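[1] predicted model follows, preceded by the sequence.
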Amino acid sequence: HSIVTAAKRAGITPHVLRAWEKRYNAVSPDRTDTNRRLYSEDEIERLRLLGVLTKQGHRIGDIARHPTPALMQLASEGAGNANRVDSETEDSLTEQSLKEALDAVHRLDAEALDAILKRNTVALGQRGILERLIGPLTRRIGDMWIEGSLSAAHEHFASSIIRSFLLRSSRAYAESTKAPAMIVTTPTGQLHELGAAMVTAYARDLGWRVLYLGASLPAADIAHVASANSAKAVILSIVHPADDASLPGELKLLRELLPEETVIIAGGESADAYAPLLEDTGIVITNDLDEFNQHLTRLRRLSATK
């Protein structure tokens, strides 16, 4: 079953499912040839039990690795004396905003979607809205588009509104010429640039001078802009497709054209599909904001010592 179906049947959101899987190894789904997750009936039942137990008050970090029979026993006993952690409460509150945002996308209501984004920026902050609302929202939209329950027009509409909002709200952070420079784009053939816009907003919030180049840029052009601006890092968003035969050559060329000290970081839904190539080429892979932050922090410290 797809992640959308698995989450629905387990009574949780795809965002929560991904978090439990990545942070706590709660389940280990199979992967298709295009690296899409596939969940078994047993895994869905396990996720359902975890959902029940967290609602009873158990911390997910304490129970995520319990064997399924132990989860069943806990659920049957109705154990629920532990206090719920704040993040779970926030997830339930943000879920309403996710529903409202999806409804605005279905109605192609740009004004409503923009208002929801603005409201949640105030409530969650710049990083919070990326992690708790925009990230889950874009993943849901992408899953719905792939499954055919959302049209390409709706996907393009949502991407356009969210991209404009992110670049507009983060523009103030791009003015410092003393800040270290970073290039953010997608390589040739990768037309989905929403992930790149999210990274741009996030990195600007951390104080980087980000040059956002949009989508589908050839390696030579990326390298030219990076070199001209003495960029410390080049960030690539790789979302779709996951089987582009021309992408390996572009990535290898980019690594050859850039100075050795310029770090290349790749992320996105399809980045793992190219993992062997990326690792062999010396390109870092990450799809976690905390891990991305750590890479940028180390890079900034190294730059400061030179």
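    That came through fine. Since we're looking at a predicted model, the values are computed, not measured. Residues are numbered from 1 along each chain as shown.

[2] which SSE is immediately downstream of the helix or strand of the chain with the lowest mean pLDDT?
    Using mean pLDDT, DSSP states H and E, the weakest-scoring helix or strand in the chain turns out to be helix 86-106, at a mean of 77. Downstream of helix 86-106, the first helix or strand assigned by DSSP states H and E is helix 110-129.

[3] buried residues, that following helix. List them.
    By neighbour count on 16 or more other C-beta atoms under 10 Å, the buried set for helix 110-129 is Ala112, Leu113, Asp114, Ile116, Leu117, Asn120, Thr121, Leu124, Gln126, Ile129. No exception for glycine: its C-beta is placed from N, CA and C like everyone else's.

[4] on contacts alone, who are the packing partners of it?
    helix 86-106, helix 152-169, helix 194-205 (3 or more C-beta pairs under 8 Å, 6 or more residues apart in numbering; DSSP states H and E).

[5] JSON lines for the buried residues of helix 110-129, including distance to Gly51?
    Listed next are the buried residues of helix 110-129 as JSON lines, based on distance: C-beta to C-beta, whole Å:
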{"residue": "Ala112", "distance to Gly51": "29"}
{"residue": "Leu113", "distance to Gly51": "28"}
{"residue": "Asp114", "distance to Gly51": "32"}
{"residue": "Ile116", "distance to Gly51": "25"}
{"residue": "Leu117", "distance to Gly51": "27"}
{"residue": "Asn120", "distance to Gly51": "24"}
{"residue": "Thr121", "distance to Gly51": "28"}
{"residue": "Leu124", "distance to Gly51": "23"}
{"residue": "Gln126", "distance to Gly51": "29"}
{"residue": "Ile129", "distance to Gly51": "24"}
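
[6] report the contact partners of the residue nearest to Asp272 when sequence neighbours are not counted.
    Of all residues beyond its chain neighbours, the one nearest Asp272 is Asn35 (5.5 Å), with distances taken as C-beta to C-beta, 6 or more residues apart in numbering. Applying C-beta atoms under 8 Å, 6 or more residues apart in numbering to Asn35 gives the contacts Ala242, Glu269, Ser270, Asp272, Ala273.

[7] residues near the first one, how many?
    Residues lying near Ala242 (other C-beta atoms under 10 Å) number 19.

[8] how close does it sit to Arg46?
    27 Å (C-beta to C-beta, to the nearest Å).

[9] what of Pro29?
    Distance from Pro29 to Arg46, by C-beta to C-beta: 11 Å.

[10] for the residue lying closest to Arg36 once chain neighbours are set aside, what are its contacts?
    Distances taken as C-beta to C-beta, 6+ apart put Ser2 closest to Arg36, at 7.1 Å, once the chain neighbours are dropped. Listed by C-beta under 8 Å, 6+ apart, the contact set of Ser2 reads Arg36, Arg37, Leu38, Tyr39, Asp143, Glu147.

[11] my read: the last one touches Ile3, true?
    Spelled out, that is Glu147. No. Between Glu147 and Ile3 there is no contact under C-beta atoms under 8 Å: 10.0 Å.

[12] please identify which of those two sits among more neighbours.
    The neighbour comparison of Glu147 against Ile3 (other C-beta under 10 Å) goes to Ile3, with 20 against 12.

[13] one step back: pick the one among the buried residues of helix 110-129 closest to Thr200.
    Nearest to Thr200, judged by C-beta to C-beta, of the buried residues of helix 110-129 is Gln126 at 11.7 Å.

[14] list the residues that contact the closest one.
    Ser169, Ser170, Ala201, Tyr202, Asp205.

[15] equivalent analysis for Pro136, please.
    Pro136 neighbours (C-beta under 8 Å, 6+ apart): Thr13, Pro14, His15, Thr94, Leu98.

[16] low-confidence ranges, the stretch 101-250 of the chain, go.
    170-177 (pLDDT under 70).

[17] rerun at 50
    172-174 (pLDDT under 50).

[18] and Ser164, how close does it get to Ala196?
    Note on Ser164: its distance to Ala196, by C-beta to C-beta, is 13 Å.

[19] what do you get for Asp103?
    Going from Asp103 to Ala196 by C-beta to C-beta gives 26 Å.

[20] before we move on, what about Met144?
    21 Å.

[21] those two: which is more packed in?
    Remark: of Met144 and Ala196, Ala196 carries more neighbours, 26 against 18, as counted by other C-beta under 10 Å.

[22] hmm, the more buried one is touching Ser237, no?
    Yes. In terms of C-beta under 8 Å, Ala196 counts as a neighbour of Ser237; the distance is 4.0 Å.
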